[in-house]
Every structure is written in C-alpha cells, then in structure tokens.
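> A predicted structure for the sequence below; I have some questions about it.
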Amino acid sequence: MTCRVIALVLTLIAVGCGPTRTAGTEKLSRSELAVLTIRKHNTMPGTQINAVKFDNGMRYDIKGNRSFYLTPGDHEIAVGIGPSLQGASGWFSSMEDITVFIPASTGMISAGKTYELRTWTEGLQSPDEFVSRVAEEVEP
C-alpha cells in the first residue's frame, strides 16, 4: 500500500513539472508548441522580473526561473519589473509588491524551438529593436 502511495505522489509531481501552458496551448502536443524561459534576475542591477502576461491575458508570477508553452507566432508580452530586495532590506519593505509592466513582443517563435527572454541590458543598447523581439532562440 505504501509503495502505491509513494508511486502516485511521484507521478503527480512528475506530471506537474515542466513548462506552464498558456492560453490556447491546452489541446496541442508539445511538438506543436514553443518554449519560452524567463529568468527572474534577468534585469538591471537592483531589479527583477516579478510577473509576465502574454497577449493581454492572465498574469503569471515569476518566483524563480519559469518556462512557458506558447503557440507559434508573434506574441504580445508584458514583463513585470520590480525592485530586487535581497537580505534584510527585503524583510522590512513592502516595495517587493511594486511591479511595472513593460510592453514588448516575443518576435516570431516557432514550434519545437526553445527560447529565452533576452537580457534587459541588451535592451539598453537598442531599445526599439529589443521590444520588438524579446525572445531569443537557444539550444535545448
């Protein structure tokens, strides 16, 4: 009996892992989708990514590195940036709740490919090009 319970728990954990399915991806197979990974500390010093929205949809909180399934195409993305309060400064401040959404576009993404959100320091070098293509293809 105990082995069955452990096996069930391990199965549920394994099924729940992996990229988060966004709107419109529920009935598609993994091979028909792209994966976009967002790293929480992918911003300028003193800031972090707190949340993201795709195509004006649901808000997804970013607590660490997080990956999402997206349908192929170009998606509107709103990246929520907030202060990065490390150590004791975070214990006594409510500033971590402050999030400013910056609108951008993923650029064209393809099924079966893996992408990563480009670093925000790249955006400082060419902001117009950056907001039109924030997703960069990476090797899986």
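Cool, got the structure.

> so the residue nearest to Asn56 when sequence neighbours are not counted bridges to which residues?
Leaving aside its sequence neighbours, Asn56 sits nearest to Glu76 (C-beta to C-beta, 6 or more residues apart in numbering; 6.4 Å). C-beta: built from backbone N, CA, C; applies to glycine. Listed beta-bridge partners, Glu76: Ser105 (assigned using DSSP bridges).

> Surely Glu76 touches Ile102?
No. Glu76 sits out of contact with Ile102 when judged by C-beta atoms under 8 Å, with a separation of 11.6 Å.

> Okay, helices next: where are they in the chain?
2-16, 88-91, 120-125, 127-132 (DSSP state H).

> least reliable of those going by mean pLDDT?
With a mean of 49, helix 2-16 has the lowest mean pLDDT of these.

> still on that earlier bit, against Ile62, how distant is the residue nearest to Asn56?
Glu76 sits 17 Å away from Ile62, taking C-beta to C-beta, to the nearest Å as the criterion.

> what do you get for Gly18?
Per C-beta to C-beta, Gly18 is found 16 Å from Ile62.

> For those two, indicate the residue with more neighbours.
Legend: neighbour count by other C-beta atoms under 10 Å for Gly18 and Ile62, higher for Ile62 (21 against 11).
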